[in-house]
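Colleague: Sequence and predicted structure are below.
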Amino acid sequence: MLVLCLLQDCPEVQTTTKDPVGEQRDGGYGPWSEWSACSATCQTPGIPVIRRAVRECNDPEPANGGKTCVNAGLGGADKEETCTGLEVCII
């Protein structure tokens, strides 16, 4: 920064530049993946049929001792739900 002062006192200017290299950074999750296919194409009574989605701790990645997404309290990296509307399997 260039400050020119003519015929008066210049104000005190303090500048600080931080180099992000080496700074501790906690991780953050990227977007969820698409849902996987269901674990079966038909429903067997008593056996759940599920599908899954995942996300990576890469937005940003933890760096220089920063917390992982789980350790930062951002929840898990995978989720699942029950597939519905399937026909009963014929055995």
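Modeller: Arrived safely.
Colleague: Can you name the helix or strand that the residue minimising distance to the centre of the chain falls in?
Modeller: The structure's the chain has its C-alpha centroid closest to residue 29; by C-alpha atoms, centre = their mean the separation is 0.2 Å. Taking DSSP states H and E as the definition, one finds residue 29 inside no helix or strand.
Colleague: show me what contacts it?
Modeller: Neighbour list for residue 29: 55-59, 69, 74-75, 77 [criterion: C-beta atoms under 8 Å, 6 or more residues apart in numbering]. Where C-beta positions appear, they are placed from N, C-alpha and C, glycine not excepted.
Colleague: Backbone torsions only: list them for it.
Modeller: The phi and psi values for residue 29, taken as degrees, to the nearest 10, are phi -80, psi 140.
Colleague: Give the closest residue to it in space, chain neighbours not counted.
Modeller: If the residues on either side of it in the chain are set aside, residue 29 comes closest to residue 55, at 4.8 Å by C-beta to C-beta, 6 or more residues apart in numbering.
Colleague: Confirm for me that the one you found is in contact with residue 32.
Modeller: Yes: the pair residue 55 / residue 32 is scored as a contact, 4.9 Å apart, by C-beta atoms under 8 Å.
Colleague: out of the two, which sits in the busier spot?
Modeller: residue 55 (18 against 13; other C-beta atoms under 10 Å).
Colleague: who's in contact with the more buried one?
Modeller: 29-33, 77-78.
Colleague: go again using 7 Å as the cut-off
Modeller: Going by C-beta atoms under 7 Å, 6 or more residues apart in numbering, residue 55 touches 29-33, 77.
Colleague: Restrict stretch 64-75 to CA atoms and write it as PDB.
Modeller: The C-alpha trace of stretch 64-75 is given here as PDB (Å, rounded to 0.1, in the frame of the first residue of the first chain):
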ATOM      1  CA  ASN A  64      -1.600 -28.500   9.400                       C
ATOM      2  CA  GLY A  65      -3.200 -30.200  12.400                       C
ATOM      3  CA  GLY A  66      -6.800 -28.900  11.700                       C
ATOM      4  CA  LYS A  67      -9.800 -31.100  12.700                       C
ATOM      5  CA  THR A  68     -11.300 -33.700  10.500                       C
ATOM      6  CA  CYS A  69     -14.900 -33.100   9.600                       C
ATOM      7  CA  VAL A  70     -16.100 -35.700  12.200                       C
ATOM      8  CA  ASN A  71     -13.900 -34.200  14.900                       C
ATOM      9  CA  ALA A  72     -15.100 -30.700  14.000                       C
ATOM     10  CA  GLY A  73     -18.700 -31.900  14.800                       C
ATOM     11  CA  LEU A  74     -19.900 -31.900  11.200                       C
ATOM     12  CA  GLY A  75     -21.500 -35.300  11.300                       C
END
